[in-house]
Each structure stands twice: as structure tokens, then as C-alpha cells.
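S.K.: Pasting the sequence and the predicted coordinates here, then a few questions.
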Amino acid sequence: MDHQSSYTRPDTSVETGSEVLALFHSWLGDGAEGSLRLSTLKDAHRLGFLFFYELFTGTLRLLPSRHYTSHGVGSVLLRLLPEARR
């Protein structure tokens with residue numbers, strides 16, 4: 001059985017807080033169609049469990065400002081996920 005990961009780490013070269021927030025907004029999307037979800041699907045354009053894992057462990061740093069922690073950002077994004085994508 002082939003167990004390839006469908007996770008592709010997002011681009012972290014954004015430079016301003018507003019660019020990071022725009023990324024979050026695009027990932028949250030409308031309803032069940034956004035690319036951010038808790039479970040990882042086979043679609044390589046979807047962010048799933050491994051994305052949240054990296055945020056919560058601090059290995060992925062996408063912060064709107066220096067006053068935020070990676071763990072805190074992960075917590076907020078998880079709370080903002082629509083029920084259909086948890």
C-alpha cells in the first residue's frame with residue numbers, strides 16, 4: 001500500500017502581518033470548500049493534520065505579528081474551522 005503524504009508545506013516567505021492574514025482568510029474559505037481542514041485528504045492543495053501539527057510544535061512559523069505564538073495561531077485557526085471540516 002502506498003502511503004505518500006499529501007501535505008505540501010505552505011509558503012512561509014510572506015513578509016507582513018496582512019499577507020499572513022490574507023493567507024489564513026483564503027485557507028478558511030467558504031463552508032466546506034476551503035483548503036484548511038483537520039483531516040488530510042488526497043488533494044495535495046489541502047492543508048490538514050500535518051499543517052496543524054507543525055503550527056502546534058512551532059516548526060512552522062506563520063505569525064501575523066511578533067506578539068503571537070505559533071501554538072496560539074494554530075489554536076485560533078482550529079477554532080475558526082467550520083464544523084464540516086473538523
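M.R.: Noted; the coordinates are in hand.

S.K.: Could you check how far R9 is from Y53?
M.R.: 11 Å (CB to CB, to the nearest Å). In short, each C-beta sits where N, CA and C put it, glycine included.

S.K.: what do you get for S65?
M.R.: 23 Å.

S.K.: Which elements pack onto the worst-scoring helix or strand of the chain on mean pLDDT?
M.R.: Ranked by mean pLDDT, DSSP states H and E, the weakest helix or strand in the chain is helix 17-28, scoring a mean of 87. With contacts defined as 3 or more CB pairs under 8 Å, 6 or more residues apart in numbering; DSSP states H and E, helix 17-28 has these neighbours: helix 70-80.

S.K.: For the helix it packs on, enumerate the helices and strands it packs against.
M.R.: If contacts are counted by 3+ CB pairs under 8 Å, 6+ apart, helix 70-80 sits against helix 17-28, helix 49-57.

S.K.: Only alpha carbons, please: show that helix as PDB.
M.R.: Provided in PDB are the C-alpha atoms of helix 70-80 (Å, rounded to 0.1, in the frame of the first residue of the first chain):
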ATOM      1  CA  SER A  70       2.700  29.500  16.500                       C
ATOM      2  CA  HIS A  71       0.700  27.500  19.000                       C
ATOM      3  CA  GLY A  72      -1.700  30.300  19.600                       C
ATOM      4  CA  VAL A  73      -2.200  30.800  15.800                       C
ATOM      5  CA  GLY A  74      -2.900  27.100  15.400                       C
ATOM      6  CA  SER A  75      -5.500  27.200  18.200                       C
ATOM      7  CA  VAL A  76      -7.300  30.200  16.700                       C
ATOM      8  CA  LEU A  77      -7.300  28.600  13.200                       C
ATOM      9  CA  LEU A  78      -8.600  25.300  14.600                       C
ATOM     10  CA  ARG A  79     -11.500  27.200  16.400                       C
ATOM     11  CA  LEU A  80     -12.400  29.000  13.200                       C
END
